[in-house]
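1. Show me the folded form of this:
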Amino acid sequence: MITYMSDILCVTNRKLCKEDFLTRIEKIAKAKPKGIILREKDLSETDYTVLAKEVMKICRKYDVPCILHSFAQAALSLGADKIHLPLLLLLQLSNEDKSKFSVIGASCHSADDALIAEKIGCTYITAGHVFETDCKKGLPGRGLEFLKQVCQNTKIPVYAIGGVSSENISDIRRCGAVGACVMSGAMACEDVEKYLEQLN
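-> Presented below is the predicted three-dimensional model:
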């Protein structure tokens, strides 16, 4: 029996998928990560809502949290209670709308961002990108010192993102992060369960 891989959030990017996207989502959900963040920022809000319905259904089947991304109003229309937003979008969200979410995440790129995110009600943040990654080609990683500063600057859980692997995840934890977000590995690996076990 698989228990939650409690420190790993899987972030989606269907363009990295080598198989049907929903088939991959099912494999990820079956492997029990901490949650699945449905990112897909290139979709229109209408198309995102259609996809989110299907992903939420799969996540419910395996009792894995589904965290919607970017489109707060779409999340509310679907009855989702978990959202992840870029900090600028989160700052525009009303207190009334924020109160409808039990989980609120934000993407942070500095220690100051982390402080703002905490003050406006985030329950967790992602910090990155920490290491070089194909998802941010040509941009050097911000490094472990950056991650350490972010973790020291906030009391809410921090998940490192960007170039995370089984080789460097222990360094991330030593910096104070509770875990990591992974995208390309989760989307493209041969065996999702084995991949998450290696990260753990």
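2. CA atoms for contacts and neighbours, from now on please.
-> Fine.
3. mind listing the strands for the protein?
-> 5-11, 33-38, 66-69, 82-86, 103-108, 124-128, 158-161, 179-182 (DSSP state E).
4. worst-scoring helix or strand of the chain, pLDDT-wise?
-> Comparing helices and strands within the chain by mean pLDDT, DSSP states H and E singles out strand 5-11 as the least confident, with a mean of 83.
5. Identify all contacting residues around it.
-> Under the criterion Cα atoms under 8 Å, 6 or more residues apart in numbering, residues 28, 31-39, 178-183, 186, 196-197, 200 lie in contact with strand 5-11.
6. Direction included, what does it pair against?
-> Sheet pairing of strand 5-11 (DSSP bridges) gives strand 33-38 (parallel), strand 179-182 (parallel).
7. how about the helices in this structure?
-> Under the criterion DSSP state H, the chain contains helices at 21-30, 45-62, 72-77, 87-92, 95-98, 111-119, 143-152, 169-174, 184-188, 192-199.
8. buried subset of the contacts of strand 5-11?
-> Restricting those to buried positions leaves 28, 31-39, 178-183, 186, 196, with burial counted as 16 or more other Cα atoms under 10 Å.
9. Ramachandran coordinates for residue 165?
-> In terms of degrees, to the nearest 10, the main-chain angles of residue 165 are phi -140, psi 170.
10. Tell me how many other residues crowd it.
-> Here the neighbour count serves as a burial measure; for residue 165 (other Cα atoms under 10 Å) it reads 17.
11. any idea how far the closest residue in space to it that isn't next to it in sequence lies from residue 140?
-> Spatial nearest neighbour of residue 165, excluding adjacent residues (Cα to Cα, 6 or more residues apart in numbering): residue 199 at 6.6 Å. Spatial separation of residue 199 from residue 140 under the definition Cα to Cα, to the nearest Å is 22 Å.
12. Could you check which of the two has the larger neighbour count?
-> A side-by-side neighbour count of residue 199 and residue 140, using other Cα under 10 Å, places residue 199 first with 19 against 12.
13. Tell me if I'm right that that one and residue 166 touch.
-> Yes - under the criterion of Cα atoms under 8 Å, residue 199 makes contact with residue 166 at 4.6 Å.
14. Name the residues of stretch 155-171 that are buried.
-> Within stretch 155-171, the residues that qualify as buried are 156, 157, 158, 159, 160, 161, 162, 163, 164, 165, 169, counting by 16+ other Cα under 10 Å.
15. same check, this time on stretch 10-25
-> Along stretch 10-25, the positions that meet the burial threshold by neighbour count (16+ other Cα under 10 Å) are 10, 11, 12, 13, 14, 17, 21, 24, 25.
16. for residue 17, what are its contacts?
-> In this structure, residue 17 makes contact with 24, 187, 188, judged by Cα under 8 Å, 6+ apart.
17. All set now, cheers.
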